[in-house]
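*Asks:* Generate coordinates for the sequence data below:
(one chain, ligands or ions: 2)
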Amino acid sequence: MPFKPRRLCSCGKIVSTGELCACQIKRKAETDRRRPNANDRGYDSAWSKARRAFLDKHPHCVMCGKPAVVVDHKTPHRGDRTKFWDKSNWQPLCAHHHNSTKQSLERSK
Ligand SMILES: [Zn+2]
Ligand SMILES: [Zn+2]
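*Replies:* Ligands and ions are numbered 1, 2, ... in the order given. Have a look, this model is predicted:
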């Protein structure tokens, strides 16, 4: 019989290694239910507040001067919190230019 390693879960139960404990399955189900949402990418309420304040100060698209609706990251933050919150990396864009910027980034990949 091969030795089956076991581990002690943080909830106090002994479970086989590689298997999820009941408490983890429950936690995972709860996380999955909340997904997909923007919070996972860092777009939480703090961001929506900061975004609104930024658009108040910079209400015009940097490309065309139309009303800006999006705060764009000049350098894609790719989940990097520092880059994400660096205001010098932000620019106001209208919906049209936000989309075209994103598309050209996709193309250059
Ligand atoms: Zn557990
Ligand atoms: Zn524009």
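*Asks:* Over to Tyr64. Which of the three states is it?
*Replies:* If you look again at residue 64, you'll see it is Cys, not Tyr. Under DSSP: H, G, I helix; E, B strand; the rest coil, the three-state class of Cys64 is coil.
*Asks:* ranges for the strands of the protein?
*Replies:* Counting by DSSP state E, the segments of the chain that form strands are 6-8, 14-16, 70-73, 90-93.
*Asks:* which bits of the protein sit near ligand 1?
*Replies:* With the criterion set to CB under 5 Å from the ion, the chain comes near ligand 1 through 9, 11, 13, 21, 23. C-betas here are computed from N, CA, C, even on glycine.
*Asks:* Farthest pair within the residues you listed?
*Replies:* Within the residues of the chain next to ligand 1, two members stand farthest from each other by CB to CB: Lys13 and Cys23, at 7.2 Å.
*Asks:* So what's the predicted local confidence for the closest residue to His97 other than its chain neighbours?
*Replies:* Beyond its immediate neighbours in the sequence, the residue positioned closest to His97 (CB to CB, 6 or more residues apart in numbering) is Met63, lying 4.2 Å away. With respect to pLDDT, Met63 scores 95.
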